[in-house]
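J.: what follows is a predicted protein model with its sequence.
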Amino acid sequence: MNRHHRISTYAAGLIAAIATMSSAAAQETPIGIGFSMAQTGMLAQATPSQLNTYNLWKDSVNARGGLDLGSGRRRPIAFVQYDDQSRPDQAVRIYEKLISDDKVDLLLPPWGTPFHIALAPVLEKYKFPMVGNTAASVAVRQVKPGYIWFTTSAIPDKIGPELVALATSNGVKRAAVINNVLPFTKELKTFLLPALKAANIDVKVEGEYPPDIKDMTSLLTQITQAKPDAVLALSYPSDSVLYAKQARELNLQAGFQFVAIGASDVPFRKAIGDAGNGLVTIGHWAPTRSEWRGAKDFYDRYVQRYQVEPDFLNSALAWMSLEILEQAVAKAGLDKEKLRDTIASGTFETINGPVKFEGVQNAITPTAFLQIQKGKLELVWPKSIATSEFEPKKEW
Amino acid sequence: MTSVATLLSGQLLFSALVAGSLYALVGLGLNLVYGTMRLLNVAHGDLVMIGAYVAFWLLSAFGWSPLWAAPVVAVVCAFTGLVLYELLFRSLLAARSSIVRIEANSLLLFFGLSVIIQNTMALSVTATPVGYQYLDGIYHLGNVAMTGNRIATLIVSLLICVAVGLFLRFNVFGLALRAVIERTDAARIVGVDIELVHRVSFGAGFATAGIAGVLVSMMEQFSPFIGFPFTVSAFIVVILGGLGNIYGGFAAAFVLGALESYGVALTSANLRSVLLYGTFVAALILFPQGLLARRAAR
């Protein structure tokens, strides 16, 4: 081998090595998945259960070798994450940036209904599909179907009649209804009151209160004197705790007591302890239904990682949306139009059973309710998915 | 509409007293800082939040009872206050600017601090609301049911307010502090150590806010964002009672507590803010120097 030939061989080897390394690097380029989350500002307190779920998913996907793109191809995933400062307008700017500047491959949703709705036009504009999760309002139906889907079945016009059905099946004839004036609970009330009237349930006390309420004594004293069978507190997390603490102080006796939001997450039960037993709340998932594939596994891994139970509503919704996205990508890859068609037409197995979208909405998962029993959350309605029988609330 | 029996029940009175005593304690700290230095501490409610978290951490990490932890929380908050005083406010006060300028600058500084404190807490400890159970036994006095932590709040708040009131009336340093509140220049001429009074007031103001936070944490769920309503309540108390008028602030706090309980019972819980701010505006028009203006006349 002469000198010239030797140099040519070395050069060819070097080029081949560089090409191999570049190819390996290209194969390992992570799939960019973008989202914003309120980490500062007033809504930051609501987002940890959703963000924890996203991080758990990311690590479990990467531990499996990456996201399945179909045909056995897998690529690791990496998050591109921003703080939207609890502002929907900021979230809109962030998602524009994620799509056009960061050029992410996939999007996950931020927390909350106003954010989802604000993002719908952006997704439409860029024809970028996104599976929503923590959004619940009849307003989602006004969103043009196409590039966004809503996973929850806890929509106020369904919750109202179903809650009344649960109450009447347990002999409720007289109710008290109090509500926080924030949008979700106010909307819920507009569907609950007609449903109560239709079921001939007499509303003995009806009252509203502001989000910053510090004392419910006068409201709860009126309710105590009215002796209703059911107290329906359309509340947010902090006032759910306030309701429970002050109802306990006044020994408010009603066999059916409902708090809307907050009780599906651990901080509520930590704040009020055994007094929470018997309270009913919104939620359509429980880890103990064995036919829901992966439900127990998700619960166990979440507990192992965060040393706390997932939120039975928001964490479950977030995980469902991730499962839908993962299954859709495994069928359609990263092509946006194929992905959109797959999500819009497919049926997906989730920890909450099968999900199929009609328009923007989940058409399969039933609207359901949880009850705290012996410190644990059990599905008590509808009976088709119940994990336990409803138990009337006894002592506080 | 609430029945007469409800209005006359001790239950509403108890609620009014608990709320009033807590507002008195929260307002006291703000009043000390404003009265002696004319600093508008709009981050005051965030100190209440910090007190709540410190109590929670001491309970979680060491099992310390929140009531016994309260002195530690007070020291932590006072120390934080002194550090901030040295870093941010001493030079502002040393410049002997006009009251308007001090108020304006301090308002901006404290506003910035408030945003930083809230978001730093949210990012470092997560914003998930936390709560715990402590002294949650129910006690009865006649028909009135009282949770132990609300009784403790009433007692501790009253004790601190009375102690501070007595200190200001009978202790030499307390008299000096009142002198600074009423006429700073005159106090300086007669030899009062103004800077020492400033430091003590700043530390004490922060400490009382921290203790209020401990009490709040026993009763409510809290997050890094609970502070603002306490700041608003404290300002209503302080302005209603007369800026810098400690005793007027105590009276205003109980008026506020009564308004919250009885006003809401007579109208609607939804009208709470309207009642509070409506009374506040009416009082500003009718008593521009505060409820106890005559006694506080300078």
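T.: On my side now, so go ahead. Predicted model, so just to flag it, every value in this text is computed and none were measured. Numbering: from 1, shown residues only, chains lettered A, B, ... in the order given.
J.: contact partners for the residue lying closest to B:P229 once chain neighbours are set aside?
T.: Leaving out its chain neighbours, the residue that sits closest to B:P229 by Cβ to Cβ, 6 or more residues apart in numbering or on different chains is A:D212, at 4.8 Å. Placement of C-beta: from N, CA and C, glycine included. A:D212 is in contact with B:229, B:272-273, counting by Cβ atoms under 8 Å, 6 or more residues apart in numbering or on different chains.
J.: what about the residue of chain A found nearest chain B, how many residues nearby?
T.: Nearest to chain B in chain A, going by Cβ to the nearest Cβ, is A:A271, at a distance of 3.0 Å. Counted with other Cβ atoms under 10 Å in any protein chain shown, residues neighbouring A:A271 total 25.
J.: list the contacts for it?
T.: Applying Cβ under 8 Å, 6+ apart, the residues near A:A271 are A:241, A:244-245, B:129-133, B:221.
J.: cool, and B:V125?
T.: Counted by Cβ under 8 Å, 6+ apart, B:V125 has contacts B:53, B:224.
J.: show the pLDDT at it.
T.: Listed pLDDT for B:V125 reads 86.
J.: break chain A down into its structural domains.
T.: Following automatic domain parsing, one finds the domains of chain A at A:28-153+A:294-362, A:156-282+A:369-385.
J.: and the stretch 1-150 of chain B, which residues reach chain A?
T.: Taking Cβ under 8 Å from any Cβ of the partner chain as the criterion, the stretch 1-150 of chain B approaches chain A at residues B:2-3, B:5-6, B:9, B:11-12, B:14-15, B:19, B:118-119, B:122-123, B:126-133, B:136, B:138, B:145-147, B:150.
J.: which pair in the contacts of A:A271 spans the largest distance?
T.: Spanning the widest gap among these are A:A244 and B:V130, at 15.3 Å by Cβ to Cβ.
J.: A:N251 is in contact with B:I138, correct?
T.: Yes. If you go by Cβ atoms under 8 Å, B:I138 and A:N251 touch, sitting 7.4 Å apart.
J.: can you flag which of the residues of the stretch 1-150 of chain B next to chain A belong to strands?
T.: B:138, B:145-147 (DSSP state E).
J.: mind checking which of those residues are buried?
T.: Neighbour counting by 16 or more other Cβ atoms under 10 Å in any protein chain shown classes B:145-147 among those as buried.
J.: any chance of those in CSV, plus pLDDT?
T.: Putting these into CSV (pLDDT from 0 to 100) gives the following:
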residue, pLDDT
B:A145, 93
B:M146, 95
B:T147, 95
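J.: which one of these sits closest to A:T217?
T.: Out of these, the member with the shortest distance to A:T217 (by Cβ to Cβ) is B:A145, at 10.0 Å.
J.: and the helices in chain A?
T.: Using DSSP state H, the helices of chain A run over A:3-28, A:48-63, A:88-100, A:113-126, A:156-168, A:183-198, A:217-226, A:237-249, A:266-272, A:295-306, A:314-332, A:336-345.
J.: and stretch A:31-47, is it in reach of chain B?
T.: Yes. Using Cβ under 8 Å from any Cβ, stretch A:31-47 comes into contact with chain B via A:39-42, A:44-47.
J.: look up how far A:K197 lies from the closest residue to A:P392 other than its chain neighbours.
T.: Leaving aside its sequence neighbours, A:P392 sits nearest to A:G255 (Cβ to Cβ, 6+ apart; 3.6 Å). Plainly put, A:G255 is 21 Å away from A:K197 if you go by Cβ to Cβ, to the nearest Å.
J.: more crowded one of those two?
T.: Using other Cβ under 10 Å as the criterion, A:G255 and A:K197 rank with A:G255 on top: 18 against 12.
J.: which residues of chain B fall in helices?
T.: So, for chain B - with DSSP H - the helices run B:4-8, B:10-37, B:44-62, B:66-84, B:90-94, B:99-125, B:148-170, B:172-182, B:184-189, B:194-219, B:227-241, B:246-258, B:264-266, B:272-286.
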